[in-house]
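Enquirer: coords below, sequence missing:
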């Protein structure tokens, strides 16, 4: 088994940045992952995709911190967004990012939907941005439920 030395950028430590919400927690990676998936379902959103290098790296004998991207959306938002901007749907699903820190804790991060959909304001107008704000509230609720 190979264990790689990783920098802070690779270690699961997500720094705050413009347009992102970052929720650090003392929960373990596996617990936060499970709680995030449960919070998505509880808030009437669906898991559309999941991807992460952790298991594939382990199968190759490489140990890296837990890392999973979860694509989240639902058909109601998809239909309503399409009514405002066909181009904006390239951004769906919105991704939640669960990362493991060196101390065993985990972080849930995501780009706020209003940030993700902002480039489409000229096409989708205020109706699109209202939908994005609704998604902001829904994703914040998911994050709060997942990390607490």
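Expert: Good, I have the coordinates. Values in this document were obtained by computation on a predicted structure and should not be read as measured data.

Enquirer: Packing partners of the top helix by length along the chain?
Expert: With secondary structure taken from DSSP state H, the chain has its longest helix at helix 121-147. Secondary structure elements in contact with helix 121-147, counted by 3 or more C-beta pairs under 8 Å, 6 or more residues apart in numbering; DSSP states H and E, are strand 20-28, helix 29-42, helix 75-82, strand 94-100, strand 105-111, helix 113-117. C-beta: built from backbone N, CA, C; applies to glycine.

Enquirer: Taking helix 121-147 as reference, get the angle to the third one.
Expert: Computed with axes from the mean of the first three to the mean of the last three C-alpha atoms, to 10 degrees, the direction of helix 75-82 lies at 160 degrees from that of helix 121-147.

Enquirer: Now helix 75-82: buried residues?
Expert: By neighbour count with 16 or more other C-beta atoms under 10 Å, helix 75-82 contains the buried residues 77, 81.

Enquirer: Packing partners of it?
Expert: The criterion is 3+ C-beta pairs under 8 Å, 6+ apart, and the helices and strands that helix 75-82 contacts are helix 121-147.

Enquirer: What of the shortest one?
Expert: Identification of packing neighbours for helix 113-117 by 3+ C-beta pairs under 8 Å, 6+ apart yields helix 121-147.
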